[in-house]
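Engineer: Next one to model:
(one chain, ligands or ions: 3)
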Amino acid sequence: MNLNLCVLEGDGIGPEIVKEAVRVLRAVCGARGVGLSLDYALLGGAAIDRTGVPLPDETVEKCRAAQAVLLGAVGGPKWDSLPSGLRPEKGLLGIRSALGLYANLRPATIFPALRAASPLRDEIVGAGVDIMVVRELTGDVYFGEHSRFERDGVLHGRDIMGYSVPEIERIARVAFGLARRRDRRVTSVDKANVLETSRVWRETVTRVAEEFPDVALTHLYVDNAAMQLVRDPAQFDVLVTGNLFGDILSDEASMISGSIGMLASASLGDGPFGLYEPIHGSAPDIAGQGKANPLATILSAAMMLRYTFDLPELAGAVEQAVSDALGTARTPDIRGDGLPVWTTEQMGGFVAQRAAELLA
Ligand SMILES: NC(=O)c1ccc[n+]([C@@H]2O[C@H](COP(=O)([O-])OP(=O)(O)OC[C@H]3O[C@@H](n4cnc5c(N)ncnc54)[C@H](O)[C@@H]3O)[C@@H](O)[C@H]2O)c1
Ligand SMILES: CC(C)[C@H](C(=O)O)[C@@H](O)C(=O)O
Ligand SMILES: [Mg+2]
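Structural biologist: Ligands and ions are numbered 1, 2, ... in the order given. Coordinates of the predicted model:
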């Protein structure tokens, strides 16, 4: 077996964290005699600097030729004043859309070793938190019309929010399907008390739920959901929501796990192909200093092994190695509890070696 990957390092801490995830992939594949072919391509600010655009055609072609994509993060102050269509973030949205990756799975769990590192008290997270945030990724206000115009000499900005029924149906089916393999509970998050988009969302999710009578569905308004996530995160199993609410709620949920540097994600379409990336950004404030936590990217690589390549044993070894690492040391973003503080490279090196040992 050979895994064909396209690797998009991106900007800021992107190259540092991707390097460690690749190291871990090499270690587990090596331990099991699985081949690994990597093709690197440009995305985001790195692509703008070299080609003038955030998503070169060649990058889309290389991604399409691969079985899966591993991505770091894009963006940074250097490119913040560019026109909106030329920003690094536009490249990220473009690749998700070009590859048809409408389902973004963001698991917010808490490793036992990190319970004391969570900003939430032990009595709140102690029983364990295991939330699967299912974020719609190719629609919503992100992909509506964006404009600015002047009326009566006053400047306005406008972004159009909207969802079609088929877009909602397919993401709802992903959420219900996942719930069937978990605790069979789906919470759909919207703002149906105000937004027409959300009213169509809620009606559609309710109708799709009839196809899954064994899964319990509840609805929450997004403001309440944001509050419930810190009041009692253990109440959630699968949480399905639109692109914008999912972006915000998944960053919030990430802190339950102790750090935004811990949260992985898989962006999927209808087949096994997927793009795997941490939920955090390019962290320009710590780029190049060896301080970045590579675990979200490493755990994204584990999701790749599980979802695209159906190699649960390899994925499990990576996850166990991460758990062991957290019992041994921390990167500076996670509360330390007196444990040694490691660099990005030390953390990646430990996980790679430990994962390979577990498979030996
Ligand atoms: N998927 C992506 O590529 C993605 C996601 C979010 C933001 N961004 C972009 O990243 C840039 C910075 O955005 P931001 O500062 O709002 O968000 P960010 O996630 O990059 O950083 C927020 C804070 O979390 C810290 N942090 C993030 N990841 C970390 C890690 N792995 N280890 C340790 N600390 C970590 C940062 O140092 C910073 O203090 C922007 O250009 C933004 O558009 C990209
Ligand atoms: C950088 C940005 C376009 C992106 C998003 O909003 O989807 C990021 O915040 C994320 O969560 O992946
Ligand atoms: Mg985000």
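Engineer: how far away is the residue lying farthest from the centre of the chain from ligand 2?
Structural biologist: Going by C-alpha atoms, centre = their mean, the residue of the chain most distant from its centre is D152, 42.2 Å out. D152 sits 32 Å away from ligand 2, going by C-beta to the nearest ligand atom, to the nearest Å. Placement of C-beta: from N, CA and C, glycine included.
Engineer: how close does that residue sit to A329?
Structural biologist: Going from D152 to A329 by C-beta to C-beta, to the nearest Å gives 60 Å.
Engineer: Please pull up the helix or strand immediately following the helix ranked longest in the chain.
Structural biologist: Identified as the longest helix of the chain according to DSSP state H is helix 14-32. Next helix or strand after helix 14-32 toward the C-terminus (DSSP states H and E): strand 35-41.
Engineer: what are the ranges of the helices in the stretch 251-360 of the chain?
Structural biologist: Along the stretch 251-360 of the chain, the segments classed as helices by DSSP state H, counting those that start in this stretch run 295-307, 312-326, 344-359.
Engineer: Figure out which of those helices is closest to N243.
Structural biologist: helix 295-307 (18.9 Å; C-beta to C-beta).
Engineer: Now that closest one - C-alpha only, PDB.
Structural biologist: Taking Å, rounded to 0.1, in the frame of the first residue of the first chain, the C-alpha atoms of helix 295-307 are listed here in PDB:
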ATOM      1  CA  LEU A 295      -0.300  18.100  18.000                       C
ATOM      2  CA  ALA A 296      -3.400  19.500  16.200                       C
ATOM      3  CA  THR A 297      -1.600  18.900  12.900                       C
ATOM      4  CA  ILE A 298      -0.400  15.500  14.000                       C
ATOM      5  CA  LEU A 299      -3.900  14.500  15.200                       C
ATOM      6  CA  SER A 300      -5.200  15.700  11.800                       C
ATOM      7  CA  ALA A 301      -2.800  13.300  10.200                       C
ATOM      8  CA  ALA A 302      -4.200  10.600  12.400                       C
ATOM      9  CA  MET A 303      -7.700  11.500  11.200                       C
ATOM     10  CA  MET A 304      -6.400  11.100   7.600                       C
ATOM     11  CA  LEU A 305      -5.100   7.600   8.400                       C
ATOM     12  CA  ARG A 306      -8.500   6.700   9.800                       C
ATOM     13  CA  TYR A 307     -10.900   8.400   7.300                       C
END
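Engineer: mind listing what's buried in the lowest-mean-pLDDT helix or strand in the chain?
Structural biologist: Least confident helix or strand of the chain, by mean pLDDT, DSSP states H and E, is helix 122-125 with a mean of 90. When neighbours are counted by 16 or more other C-beta atoms under 10 Å, the buried residues of helix 122-125 are found to be 124-125.
Engineer: do stretch 108-119 as well
Structural biologist: Neighbour-count burial for stretch 108-119 [16+ other C-beta under 10 Å]: 108-111, 113-115, 117-118.
Engineer: cool, stretch 232-241 as well?
Structural biologist: 233, 236-241.
Engineer: Identify all contacting residues around that stretch.
Structural biologist: Here stretch 232-241 makes contact (C-beta atoms under 8 Å, 6 or more residues apart in numbering) with 108, 120, 124-125, 127-136, 171-172, 174-176, 178-179, 182-190, 205, 222, 225, 228-229, 249, 253, 256.
Engineer: Just the closest of the buried residues of stretch 108-119 to ligand 2, please.
Structural biologist: Nearest to ligand 2 out of those is A108 (C-beta to the nearest ligand atom; 13.1 Å).
Engineer: Give me the nearest residue to the closest residue to ligand 1 within the stretch 1-150 of the chain, chain neighbours excluded.
Structural biologist: Closest residue of the stretch 1-150 of the chain to ligand 1, C-beta to the nearest ligand atom: G75 (2.3 Å). Distances taken as C-beta to C-beta, 6 or more residues apart in numbering put P88 closest to G75, at 4.5 Å, once the chain neighbours are dropped.
Engineer: Give the full set of residues in contact with the residue of the stretch 1-150 of the chain closest to ligand 1.
Structural biologist: G75 touches 10-12, 44-45, 87-89, 92, 281-282, 284, counting by C-beta under 8 Å, 6+ apart.
Engineer: Which ones among those residues map onto helices?
Structural biologist: Those of the contacts of G75 lying in helices (DSSP H): 45, 88-89, 92.
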